[in-house]
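Chemist: Structure, please.
(chains A, B, C and D)
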Number of protein chains: 2
Amino acid sequence: MNTAPTRHEAAPGQRPAAVPAGAAPTGAATPTRRERKKIETRAALETAALRLFAKQGYERTTVEEIAEAADVAVRTFFRYFQSKQHVLYGDVALNITGRMRAALLARPDTESPVRAVGAALDAMELGEPDEQRQVLDRLRLMERLPELGGTYHMIFQHLHDVIAEYVADRTRLHPVDLYPQLLAAAATAAIKAALAVFEAAGGRESLTELRAAAYTSLTAGIGDPPTG
Amino acid sequence: MNTAPTRHEAAPGQRPAAVPAGAAPTGAATPTRRERKKIETRAALETAALRLFAKQGYERTTVEEIAEAADVAVRTFFRYFQSKQHVLYGDVALNITGRMRAALLARPDTESPVRAVGAALDAMELGEPDEQRQVLDRLRLMERLPELGGTYHMIFQHLHDVIAEYVADRTRLHPVDLYPQLLAAAATAAIKAALAVFEAAGGRESLTELRAAAYTSLTAGIGDPPTG
DNA sequence: ATGCCATCTGGCACAACGTGTCAACTGTGC
DNA sequence: GCACAGTTGACACGTTGTGCCAGATGGCAT
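Modeler: Numbers count the residues shown, from 1 in each chain, chains lettered A, B, ... in the order given. Model prediction:
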């Protein structure tokens, strides 16, 4: 629903909505030096944060320690990340929703919404195993810690909204009509269920297959959109 | 998954896991005076908090104001509620999960898990309209405010766990096997979807019917549990 | 190189949340 | 009335997050 970015004094590291979501621009040498320094600082903060979180846990890591490790002032930390949570949230959410949006838009109009969303979920799969592992680590952390529930919730909320909007677009329904909401809910529920099983199985099962199976089961009864 | 109650110095208002989940004990005059005072204080805090939230918004209400309005020390507030969020979270979650658990246990063993969960959802419907309205108000608030996302997430997480455990019990599967997770995910997804539509429609549609329709659609493809 | 301007940084003050601790008070049972 | 357990209030403290402003730095024109 509401995705209010919560006003914030124009920050340096403010994400420009990420790359248009197309394929990687590959080249494009790093522009100005200022830009490079910002990227460095942001990366230093994120790296330091994740390292410390892994070492001593999220709760037992203070922002001061992170800033110290990245050799910047605490104040600077908060210029790059709205909160401690957002280091974790980081690009994860934006990447996920960005990929999903792109994957959805790449589906042909001839496909039914149910199949389109399913195919987009397949296509969205994280590329490199390293990245997938990192994303999973973050999600796991978010799910376990109560105070991170908000972040976790936000990610899936965004994903949900993206899907609902796509389906609404395809079916000429309103995003908050039951059909789009249902399909979006099925997709996110499938992901969550698959994640839970995947985690519990210690990663021995294929996350993709689990998710695909879950999605198929959940959507088998949804059928085509209502005429309207 | 993890429902760690996060250690807390034994508090006075600590909920005793609610009534055993059976029918209301109706009579049972309030016991000792101490007990009465605790209940009074808790009620005063909750009432004051909700009134202030409604009047000036959640964010623009400080714990100090709430404590002041209830005429207790700030420290006392935190003895009754782990955090500001928990005033909102309050009994809502416990009531919901408690009701759901009871409703599930009341289903006959002869019913398929899918139907049992669906019937339990029906049976769980909030009784008095006033209560339903209040619960909806709180949920709406939680969904809108980013910092309350954690609470919102927690409520559905608990509900999810209760359902998954019940299904696991019935099917002799593990709670984190795909089937129980899927069914639980379908149930919570149905509720969320129905809520979203309900809110968007300004309450003109029946929440119960929306939820029932959503659940039916989502579970139509799930079928019976795997033989295991 | 010099100077101007936008941007970024650091440090300080400050509000709010949440916890530990302890002394004082109040209810309960004897 | 007395002893004891439970409750409360007050204070100190650590942490998160924001406002503010002075100073450093990069970009750019001259």
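
Chemist: Would you tell me which residues of chain A are close to DNA strand D?
Modeler: Selection of chain A residues close to DNA strand D by C-beta under 7 Å from any atom of the strand yields A:6, A:8-9, A:32-35, A:37, A:61-64, A:74-75, A:78, A:82-85. The way it works is simple: take the backbone N, C-alpha and C, and place the C-beta from them, glycine included.

Chemist: Tell me the buried residues within those residues.
Modeler: A:61, A:63, A:78, A:82-85 (16 or more other C-beta atoms under 10 Å in any protein chain shown).

Chemist: Farthest pair within these?
Modeler: A:Thr61 and A:Gln82 (17.0 Å; C-beta to C-beta).

Chemist: OK, contacts around the most centrally placed residue in chain A?
Modeler: Central residue of chain A (C-alpha atoms, centre = their mean): A:Ala93, 2.4 Å from the mean position. Listed by C-beta atoms under 8 Å, 6 or more residues apart in numbering or on different chains, the contact partners of A:Ala93 are A:154-155, A:158.

Chemist: rewinding a little: out of the buried ones among the residues of chain A next to DNA strand D, the closest to DNA strand C would be?
Modeler: A:Phe78 (8.7 Å; C-beta to the nearest atom of the strand).

Chemist: so where does the closest one fall, helix or strand?
Modeler: helix A:74-80 (DSSP states H and E).

Chemist: May I ask which helix or strand of chain A has the lowest mean pLDDT?
Modeler: helix A:129-144 (a mean of 81; mean pLDDT, DSSP states H and E).

Chemist: For that one, buried residues please.
Modeler: So, applying 16+ other C-beta under 10 Å, buried residues of helix A:129-144: A:135-136, A:138-139, A:141-143.

Chemist: and of the residues you listed, the nearest to chain B?
Modeler: Nearest to chain B, judged by C-beta to the nearest C-beta, of these is A:Glu143 at 6.1 Å.

Chemist: Name the nearest residue to the closest one, sequence neighbours excluded.
Modeler: A:Tyr152 (5.7 Å; C-beta to C-beta, 6 or more residues apart in numbering or on different chains).

Chemist: try A:Asp122
Modeler: A:Ala212 (6.8 Å).

Chemist: List phi and psi for the one you found.
Modeler: Dihedral angles of A:Ala212 (phi, psi; degrees, to the nearest 10) stand at phi -60, psi -40.

Chemist: how much space is there between it and DNA strand C?
Modeler: Distance, A:Ala212 to DNA strand C, using C-beta to the nearest atom of the strand, to the nearest Å: 39 Å.

Chemist: how about A:Arg60, secondary structure?
Modeler: coil (DSSP: H, G, I helix; E, B strand; the rest coil).

Chemist: re earlier: which of the contacts of A:Ala93 fall within helices?
Modeler: Among the contacts of A:Ala93, the members found in helices (DSSP state H) are A:154-155, A:158.

Chemist: For the residues you listed, could you give me TSV that also reports neighbour count?
Modeler: Output for the ones in helices among the contacts of A:Ala93, formatted as TSV (neighbours: other C-beta atoms under 10 Å in any protein chain shown):
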residue	neighbour count
A:Met154	20
A:Ile155	21
A:His158	19
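
Chemist: of those, closest to B:Val197?
Modeler: Using C-beta to C-beta, the ones in helices among the contacts of A:Ala93 come closest to B:Val197 at A:His158, 18.8 Å.

Chemist: pLDDT weak spots in chain A?
Modeler: A:1-30, A:126-127, A:227-228 (pLDDT under 70).

Chemist: Could you give the number of residues near A:Pro146?
Modeler: 21 (other C-beta atoms under 10 Å in any protein chain shown).

Chemist: Next one: it from chain B, what distance?
Modeler: 6 Å (C-beta to the nearest C-beta, to the nearest Å).

Chemist: mind checking the SS state of A:Val72?
Modeler: coil.

Chemist: which residues in chain A form helices?
Modeler: A:33-56, A:63-70, A:74-80, A:84-105, A:113-124, A:129-144, A:149-171, A:178-200, A:207-219.

Chemist: Between those, which one is closest to B:Glu68.
Modeler: helix A:149-171 (27.1 Å).

Chemist: which other helices and strands contact the closest one?
Modeler: The contact analysis (3 or more C-beta pairs under 8 Å, 6 or more residues apart in numbering or on different chains; DSSP states H and E) places helix A:149-171 against helix A:84-105, helix A:113-124, helix A:129-144, helix A:178-200, helix B:149-171.

Chemist: What residues of it count as buried?
Modeler: Counting neighbours by 16+ other C-beta under 10 Å, helix A:149-171 gives A:149-164, A:166-168, A:170-171 as buried.

Chemist: so what's A:Asp137 up against?
Modeler: Counted by C-beta under 8 Å, 6+ apart, A:Asp137 has contacts A:Ala54.

Chemist: Check A:Gly150 too.
Modeler: A:Gly150 touches A:85, B:146-153, counting by C-beta under 8 Å, 6+ apart.

Chemist: Save the residues you listed as TSV, and put in distance to DNA strand C too.
Modeler: Below are the contacts of A:Gly150 laid out as TSV (distance: C-beta to the nearest atom of the strand, whole Å):
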residue	distance to DNA strand C
A:Gln85	13
B:Pro146	14
B:Glu147	9
B:Leu148	11
B:Gly149	13
B:Gly150	10
B:Thr151	10
B:Tyr152	15
B:His153	15
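
Chemist: Nearest to DNA strand D among these?
Modeler: Using C-beta to the nearest atom of the strand, the contacts of A:Gly150 come closest to DNA strand D at A:Gln85, 5.9 Å.
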